[in-house]
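>>> fold the following.
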Amino acid sequence: MAANEVDLLRQFPLLLPQNRKKTVYEGFISAQGRDFHLRILLPEDLQLKNARLLCSWQLKTILNGYHQIVQQRMQHAPDLKSFMIELKMILEVALKNRQELCVLPLSSQFYSVLIEDIETLGWDKIVYVDACFSTIKLKAEDASGREHLITVKLKAKSSLISIHSQFLAALESLKAFWDVMDEIDEKTWVLEPQKPTRSATARRIALGNNASINVEVDPRHPTMLPECCFLGADHVVKPLGIKLSKNMHLWDPEYSLLRNLKDVLEIDFPARTILEKSDFTMDCGICYAYQLDGAIPDQVCNNSQCGQPFHKICLYEWLRGLLTSRQSFNIIFGECPYCNKPITLKMSGRKP
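This is a model prediction of the structure:
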């Protein structure tokens with residue numbers, strides 16, 4: 001046995017090779033009287049820089065926030081023994097910091113009841129528990145099969161079962177809202193937000209002809225008429241606004257929001273696949289990008305033969321650079337960079 005292997009075994013007697021090539025080590029690393037399971041996979045050349053460290057969930061939890069330095073030390077360690085020594089030092093520091101942060105201020109009876117509550121709920125409902133048992137993440141499904149997470153900061157009088165019951169009740173109360181939003185996400189082209197969270201109440205939906213509608217839905221009354229704002233060239237969106245005003249009385253909260261929008265606006269919302277095959281585009285006509293610093297084009301040329309969309313900041317910079325442009329109060333007048341027809345940009349009192 002080589003000298004470095006002897007040293008490794010002497011300092012880490014619970015970490016043993018699992019094959020003759022000694023490319024796989026498995027066992028435990030000890031720190032502050034505790035043993036943590038780990039597995040190390042080495043390449044054929046036994047170089048640490050290409051090795052993989054597989055940790056138990058307990059060790060992974062404790063080293064959370066130290067992954068970068070662990071990877072760095074693995075990249076630069078000359079051999080396995082050196083890396084294990086450095087890993088143990090990192091683990092000691094991590095445990096010390098957790099002990100300083102993790103003080104169990106609650107009684108042993110509270111934790112006994114907490115464990116009973118978890119067993120009653122089922123461990124499958126638990127997504128995460130911190131080392132102090134002061135923060136727990138629970139998961140639950142609503143009636144439509146959607147999975148939701150809640151983070152609970154436990155206090156002396158907390159009842160995990162009661163909290164979970166309230167969580168389920170809240171999910172049930174929002175089921176209709178999520179059903180409405182899911183239908184919009186599945187059956188239309190949602191421009192914003194691109195990855196909506198469950199708390200997002202607004203959707204900007206593509207209509208075609210470089211136009212869109214932004215709807216703000218009330219989660220408490222998701223099938224009632226939402227706040228609507230049309231975005232696009234006047235010759236496209238004005239007729240839609242007129243239809244909305246004329247047909248508002250047709251709105252029936254017994255139907256879904258999407259069906260009501262179709263009936264009131266007298267349109268079929270085009271699917272994304274259909275719009276992508278047409279001449280429809282939402283890329284900015286100046287920077288040629290869809291997103292710019294998180295914003296998508298929200299300005300458009302009103303010329304019915306053009307209708308090119310722009311980011312507000314791009315159009316602002318373009319018009320400001322034209323020698324022929326002028327500004328009156330908070331409106332900048334100039335020419336469209338595509339059709340040279342008059343175009344205006346309304347400012348909000350400051351640069352967009």
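>>> lowest average confidence, helix or strand, in the protein?
Lowest by mean pLDDT, DSSP states H and E among the helices and strands of the chain is helix 272-276, with a mean of 68.
>>> could you list the low-confidence segments of the chain?
1-3, 99-107, 131-132, 274-281, 348-352 (pLDDT under 70).
>>> need the contact list for K22.
E5, L42, L46 (Cβ atoms under 8 Å, 6 or more residues apart in numbering). Backbone N, C-alpha and C define where each C-beta goes, glycine included.
>>> of the residues you listed, closest to I331?
L42 (68.0 Å; Cβ to Cβ).
>>> tally of neighbours for the closest one?
Around L42 there are 18 other residues, counting by other Cβ atoms under 10 Å.
>>> for it, which non-adjacent residue is closest in space?
T23 (4.5 Å; Cβ to Cβ, 6 or more residues apart in numbering).
>>> got CSV for the contacts of K22, with secondary structure and distance to L265 too?
Shown next, in CSV, are those (DSSP: H, G, I helix; E, B strand; the rest coil; distance: Cβ to Cβ, whole Å):
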residue, secondary structure, distance to L265
E5, helix, 76
L42, coil, 64
L46, coil, 68
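>>> just give me the closest of the residues you listed to G65.
L42 (25.5 Å).
>>> so what's the closest one up against?
L42 neighbours (Cβ under 8 Å, 6+ apart): K22, T23, V24, Y25, L48, N50, A51, L80.
>>> now swap in P226 and tell me
Counted by Cβ under 8 Å, 6+ apart, P226 has contacts V215, E216, V217, D218, L257.
>>> mind running it again at 6 Å?
P226 sits next to V215, E216, V217 when contact means Cβ atoms under 6 Å, 6 or more residues apart in numbering.
>>> swap in A143?
Applying Cβ under 6 Å, 6+ apart, the residues near A143 are K175.
>>> from W178, how far out is it?
10 Å (Cβ to Cβ, to the nearest Å).
>>> cool, and L319?
For L319, the distance to W178 - Cβ to Cβ - is 42 Å.
>>> so which of those two has more stuff around it?
Applying other Cβ under 10 Å to L319 and W178 shows that L319 carries more neighbours, namely 22 against 18.
>>> okay, and the more buried one sits in which element?
If you go by DSSP states H and E, L319 is part of helix 312-321.
>>> starting at the chain centroid, how far to that helix?
31 Å (Cα atoms, centre = their mean, to the nearest Å).
>>> with stretch 292-311 instead?
27 Å.
>>> which residues does it contact?
So stretch 292-311 is contacted by 191, 210, 231-235, 282, 284-286, 290, 312, 315, 336, 338-339, 341, 343 (Cβ under 6 Å, 6+ apart).
>>> out of those residues, which are inside strands?
Counting by DSSP state E, these place L191, L231, I343 in strands.
>>> mind listing what's buried along the strand or helix carrying Q166?
Under the criterion of DSSP H and E, Q166 resides in helix 160-173. Across helix 160-173, burial judged by 16 or more other Cβ atoms under 10 Å covers L160, I163, H164, F167, L171.
>>> redo those as JSON lines? Include distance to F36.
Formatted as JSON lines, the buried residues of helix 160-173 follow (distance: Cβ to Cβ, whole Å):
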{"residue": "L160", "distance to F36": "27"}
{"residue": "I163", "distance to F36": "31"}
{"residue": "H164", "distance to F36": "30"}
{"residue": "F167", "distance to F36": "32"}
{"residue": "L171", "distance to F36": "36"}
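>>> tell me which of these is nearest to Q18?
L160 (39.9 Å).
>>> thought the closest one was touching E116?
No - between L160 and E116 there is no contact under Cβ atoms under 6 Å: 9.2 Å.
>>> can you list contacts of stretch 257-270?
Contacts of stretch 257-270 (Cβ under 6 Å, 6+ apart): V180, E183, I184, T188, G208, T223, L240, K243, L244, N247, L250, W251.
>>> with just CA atoms, put it into CSV.
The C-alpha coordinates for stretch 257-270 follow below in CSV (Å, rounded to 0.1, in the frame of the first residue of the first chain):
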residue,chain,number,x,y,z
LEU,A,257,-62.7,34.2,-19.0
LEU,A,258,-61.2,33.2,-22.3
ARG,A,259,-64.6,32.2,-23.8
ASN,A,260,-66.0,35.5,-22.7
LEU,A,261,-63.2,37.5,-24.2
LYS,A,262,-63.7,35.6,-27.5
ASP,A,263,-67.5,36.4,-27.4
VAL,A,264,-67.2,40.0,-26.4
LEU,A,265,-64.3,40.9,-28.8
GLU,A,266,-65.8,38.7,-31.5
ILE,A,267,-62.4,37.1,-32.2
ASP,A,268,-60.6,33.8,-32.0
PHE,A,269,-57.2,34.1,-30.2
PRO,A,270,-54.6,32.8,-32.6
